[in-house]
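In: Show me the folded form of this:
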Amino acid sequence: MEIRIGIVNTGRELSFDTASSTEDVRSQITSALEQGATHLTLADVKGNTYVVPTANLAYVEIGTEESRRVGFVA
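Out: Alright, predicted model coming up:
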């Protein structure tokens, strides 16, 4: 599933694919914001870790868990 994170005062967004479920990602983000954590840590499918400051979050877009279709669809 693809995650896109917008950061305040940054022209680009952070975009990566993760193997975590939608609910796992949503609960991590929600708990970090509710608890007043300074950083949010997420991992992608390649094993990279992303640490994002919660004070600078503009938006978080969580994609669907639907697999991508390959080939031509009529």
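
In: Counting neighbours, what do you get for the residue lying closest to residue 49 once chain neighbours are set aside?
Out: Excluding the flanking residues, the one nearest residue 49 by CB to CB, 6 or more residues apart in numbering is residue 43, at 5.1 Å. Heads up, the C-betas are built off the backbone N, CA and C, glycines and all. Neighbours of residue 43 under the rule other CB atoms under 10 Å: 13.

In: quick one, what contacts residue 61?
Out: Under the criterion of CB atoms under 8 Å, 6 or more residues apart in numbering, the contact list for residue 61 reads 3-6.

In: Just the buried subset of the residues you listed, please.
Out: Buried members of the contacts of residue 61, scored by 16 or more other CB atoms under 10 Å, are 3, 5.

In: which intervals of the protein have sub-threshold pLDDT?
Out: Low-confidence segments of the chain (pLDDT under 70): 65-71, 73-74.

In: at 90 what do you get?
Out: For the chain, the stretches flagged by pLDDT under 90 are 1, 10-11, 20-21, 56, 63-74.

In: So which residues of it form helices?
Out: 22-34 (DSSP state H).

In: how about the strands in this structure?
Out: 2-7, 13-17, 39-43, 49-53, 57-62 (DSSP state E).

In: looking at those strands, which is buried most?
Out: Highest mean neighbour count of the strands of the chain: strand 2-7, a mean of 16 (counted as mean count of other CB atoms under 10 Å).

In: Partner strands of that one and their direction?
Out: Applying DSSP bridges to the sheet, strand 2-7 is found paired with strand 13-17 (antiparallel), strand 57-62 (antiparallel).

In: and the angle from the last one to strand 49-53?
Out: It refers to strand 57-62. Calculated by axes from the mean of the first three to the mean of the last three CA atoms, to 10 degrees, strand 57-62 forms an angle of 140 degrees with strand 49-53.
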